[in-house]
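Engineer: sequence first, predicted coordinates after that:
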Amino acid sequence: MEHDKDNSTSNKTIVIVDPVTEWRGVVAAAKQLQYTIVACFLSPVTEKLRKFVPTAAALQSLGVDHVLLSSEEQPRDVYACARDLKILSQRRCLHLEVVIPLSETAVEFTDILASMLGVPAHNGLDTILCRRDKGFMKEAASSTDRGLRVAKFARVRCMDDVLAAIRSLRLNYPVVIKTPQGFSSTDVFICETQPDAAHAMDVIIDSRSPDGRANVDHALLEEYIEGDEFAVNVMAFEHGDCIVITDLWRYAKQKNANYSSAEICDAHDARYIRLLEYAKEVVRAVGIRYGAGHVELKAVLEMNEYVRPMLVEVGARLSGGSKATMSRLANSGWNPFQALIRSHLGASVPDGVENGMVRPKRFVRHLFLSLEKPGVIHKLALPDFSELSTCHTHAIIVKEGDAVDATSDITSCAGFVWLVGEREVVDTETDIIQNEFRVEMG
């Protein structure tokens with residue numbers, strides 16, 4: 001199904017696939033650069049993710065010129081998407097220059113789509129599996145060419161496989177069991193005991209995959225990695241010859257392993273040298289030569305330096321959690337969305353980059369508001385966000401009367417808050433938010 005606004009004035013065209021992550025910023029940047037914008041939905045939208053996905057009307061209201069929708073009644077595969085885009089481009093005299101993934105599942109087919117459309121600047125098709133499957137990406141990083149340290153892992157289909165892999169890999173509990181192609185920490189279990197592992201396998205095997213497209217027939221068993229967790233966000237320029245560190249984030253977690261916050265770090269700080277070099281090698285290993293990527297890893301702080309970095313996973317797209325928007329607020333001279341488009345064109349490094357990195361000039365923290373138990377929300381207490389000087393944005397997803405599950409991943413949080421300002425003030429207002437946020441179940 002096609003929705004046209006029919007008021008585009010430029011024929012140079014950008015295609016955004018599955019516009020979910022930071023789509024508003026990308027659309028605004030494309031408009032500033034005088035692109036016609038086509039939004040194309042390829043992935044099915046599960047009920048859990050529906051609240052994060054914009055409607056055609058919302059996209060068009062902010063400047064998208066054409067929207068190609070997919071639905072259960074009219075599913076679209078890569079071939080059908082390429083055909084529809086080609087027909088649209090011929091009918092409207094559009095020159096397709098850039099194809100950008102804006103969801104994790106879009107990573108699977110964006111480069112194929114670009115190739116079918118004759119867009120020359122796209123990542124290699126022979127490395128797509130490494131950019132999406134959490135097992136293949138570890139194999140690519142640890143190959144003889146790269147030799148990077150990664151967690152021990154095995155593909156498992158049942159508890160007998162789990163027990164055999166624990167023995168053969170010489171692992172001890174805790175271990176991690178996850179869906180190979182998940183996202184937003186969905187279906188990731190830290191298992192302290194054998195019964196925990198059995199529960200994880202029961203949840204994952206034969207369940208619908210997080211993207212809603214197929215049932216899961218195996219899981220990944222992984223060594224549990226100690227250390228602090230980071231997200232290293234990058235963009236590739238000059239056809240992959242230059243990897244720029246755009247922003248660096250350190251996560252904090254609660255006792256139940258759910259995220260409690262992410263805060264921006266200065267990548268120029270000498271403590272982070274090893275993990276940044278490791279991240280760039282991972283990016284090269286999985287074939288990110290165009291566009292954005294984020295490398296999630298763990299490292300241990302020793303003698304005031306983070307050492308022994310080890311890969312958690314890679315995402316070949318903009319990171320979620322409004323990190324690009326926040327990186328722009330942290331440095332007003334940096335426009336990550338225009339940079340993203342330049343990156344997909346294979347262009348040179350843009351303004352705002354110092355020694356291969358973007359330096360944050362203000363502190364940013366992203367808070368995750370978790371639900372500790374399931375039930376029906378009887379009372380929801382929130383701070384007065386208007387009284388918080390560093391509160392840039394907040395999103396409360398739940399309301400009183402909602403039936404909710406306990407938070408198990410990012411998509412099941414009660415809400416999010418983004419704070420920007422001086423570190424001391426952000427710390428004070430973080431305490432206020434965490435103390436005043438309360439959920440009572442009926």
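Structural biologist: Thanks, I have it.
Engineer: okay, CA-based contacts and neighbour counts for the rest of this
Structural biologist: Noted.
Engineer: list the contacts of the closest residue to residue 320 other than its chain neighbours.
Structural biologist: Spatial nearest neighbour of residue 320, chain neighbours left out: residue 21 (5.8 Å); criterion: Cα to Cα, 6 or more residues apart in numbering. Contacts for residue 21 (Cα atoms under 8 Å, 6 or more residues apart in numbering) come out as 102, 103, 318, 319, 320, 322.
Engineer: I'd guessed the fifth one sits against residue 20; true?
Structural biologist: No. Contact criterion Cα atoms under 8 Å: residue 320 and residue 20 do not qualify, at 9.0 Å.
Engineer: please enumerate the strands of the stretch 51-200 of the chain.
Structural biologist: 66-68, 95-101, 153-156, 175-178, 188-191 (DSSP state E, counting those that start in this stretch).
Engineer: what would those strands look like in CSV with distance to residue 398?
Structural biologist: Shown next, in CSV, are the strands of the stretch 51-200 of the chain (distance: least, Cα to Cα, whole Å):
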stretch, distance to residue 398
strand 66-68, 29
strand 95-101, 28
strand 153-156, 35
strand 175-178, 26
strand 188-191, 23
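Engineer: any chance of JSON lines for those, columns mean pLDDT, mean neighbour count and distance to residue 60?
Structural biologist: Output for the strands of the stretch 51-200 of the chain, formatted as JSON lines (pLDDT from 0 to 100; neighbours: other Cα atoms under 10 Å; distance: least, Cα to Cα, whole Å):
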{"stretch": "strand 66-68", "mean pLDDT": "94", "mean neighbour count": "23", "distance to residue 60": "8"}
{"stretch": "strand 95-101", "mean pLDDT": "96", "mean neighbour count": "23", "distance to residue 60": "18"}
{"stretch": "strand 153-156", "mean pLDDT": "95", "mean neighbour count": "20", "distance to residue 60": "43"}
{"stretch": "strand 175-178", "mean pLDDT": "93", "mean neighbour count": "23", "distance to residue 60": "37"}
{"stretch": "strand 188-191", "mean pLDDT": "90", "mean neighbour count": "20", "distance to residue 60": "35"}
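Engineer: show residues contacting stretch 348-366.
Structural biologist: Here stretch 348-366 has contacts from 237-238, 242-247, 261-268, 321, 326-327, 329-331, 333-335, 339, 342, 416-423, 426, using Cα under 8 Å, 6+ apart.
Engineer: before we move on, what about stretch 318-336?
Structural biologist: Here stretch 318-336 makes contact (Cα under 8 Å, 6+ apart) with 21-22, 25, 102, 233, 246-247, 292-294, 337, 351-353, 358-364, 366, 420.
Engineer: distance of the residue lying closest to residue 56 once chain neighbours are set aside relative to residue 15?
Structural biologist: Using Cα to Cα, 6+ apart and skipping the chain neighbours, the partner closest in space to residue 56 is residue 67 (6.2 Å). Separation of residue 67 from residue 15 (Cα to Cα, to the nearest Å): 10 Å.
Engineer: list residues touching both of these two?
Structural biologist: Jointly contacting residue 67 and residue 15 under the rule Cα under 8 Å, 6+ apart are 38, 39, 40.
Engineer: could you say which helix or strand holds the second one?
Structural biologist: Going back to what we said before, that points to residue 39. Using DSSP states H and E, residue 39 sits within strand 36-40.
Engineer: could you list the paired strands of that strand along with their orientation?
Structural biologist: Its sheet considered, strand 36-40 pairs with strand 12-17 (parallel), strand 66-68 (parallel) by DSSP bridges.
Engineer: quick one, it and strand 95-101 angle?
Structural biologist: Strand 36-40 runs at 40 degrees relative to strand 95-101, counting by axes from the mean of the first three to the mean of the last three Cα atoms, to 10 degrees.
Engineer: name the residues that touch strand 36-40?
Structural biologist: Contacts of strand 36-40 (Cα under 8 Å, 6+ apart): 8-19, 27, 30-31, 63-69, 81, 94.
Engineer: picking up where we left off before, write a ChimeraX command that selects only the buried members of the contacts of residue 21.
Structural biologist: Those of the contacts of residue 21 that count as buried under 16 or more other Cα atoms under 10 Å are selected in ChimeraX with:
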select :102,103,318,319,320
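Engineer: any idea which of the contacts of residue 21 is closest to residue 86?
Structural biologist: The shortest approach to residue 86 among these belongs to residue 102, at 20.2 Å (Cα to Cα).
Engineer: now that closest one: how far from residue 318?
Structural biologist: 7 Å.
Engineer: which parts of stretch 254-268 are buried?
Structural biologist: Buried residues in stretch 254-268, counting neighbours by 16+ other Cα under 10 Å, are found at 258, 259, 260, 261, 262, 263, 264, 265, 266, 267, 268.
Engineer: what about the fifth one, which helix or strand?
Structural biologist: I take that to be residue 262. Using DSSP H and E, the element containing residue 262 is strand 259-265.
Engineer: so what does that strand touch, helix or strand wise?
Structural biologist: strand 242-253, strand 363-369 (3 or more Cα pairs under 8 Å, 6 or more residues apart in numbering; DSSP states H and E).
Engineer: which of these is buried the deepest?
Structural biologist: Most buried of the helices and strands packed on strand 259-265 by mean neighbour count (mean count of other Cα atoms under 10 Å) is strand 363-369; its value is a mean of 24.
Engineer: show the subsequent helix or strand relative to it.
Structural biologist: Using DSSP H and E, the helix or strand that follows strand 363-369 in sequence is strand 375-381.
Engineer: helices or strands up against that following strand?
Structural biologist: For strand 375-381, the packing partners by 3+ Cα pairs under 8 Å, 6+ apart come out as strand 403-404, strand 438-441.
Engineer: export those to JSON lines and append columns for distance to residue 206.
Structural biologist: Output for those, formatted as JSON lines (distance: least, Cα to Cα, whole Å):
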{"stretch": "strand 403-404", "distance to residue 206": "23"}
{"stretch": "strand 438-441", "distance to residue 206": "31"}
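Engineer: reformat those strands as a markdown table; add distance to residue 200 and mean neighbour count.
Structural biologist: As requested, those are exported to a markdown table (distance: least, Cα to Cα, whole Å; neighbours: other Cα atoms under 10 Å):
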| stretch | distance to residue 200 | mean neighbour count |
| --- | --- | --- |
| strand 403-404 | 20 | 16 |
| strand 438-441 | 26 | 16 |
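Engineer: select, out of the ones you listed, the one closest to residue 132.
Structural biologist: Using Cα to Cα, those put strand 403-404 closest to residue 132, at 29.6 Å.
Engineer: neighbouring strands of the closest one in the sheet, and parallel or not?
Structural biologist: Strand 403-404 sits in its sheet next to strand 375-381 (antiparallel), going by DSSP bridges.
Engineer: if we can go back for a sec, of all the strands of the stretch 51-200 of the chain, which one is nearest residue 218?
Structural biologist: Among the strands of the stretch 51-200 of the chain, strand 153-156 comes nearest to residue 218, with 5.5 Å by Cα to Cα.
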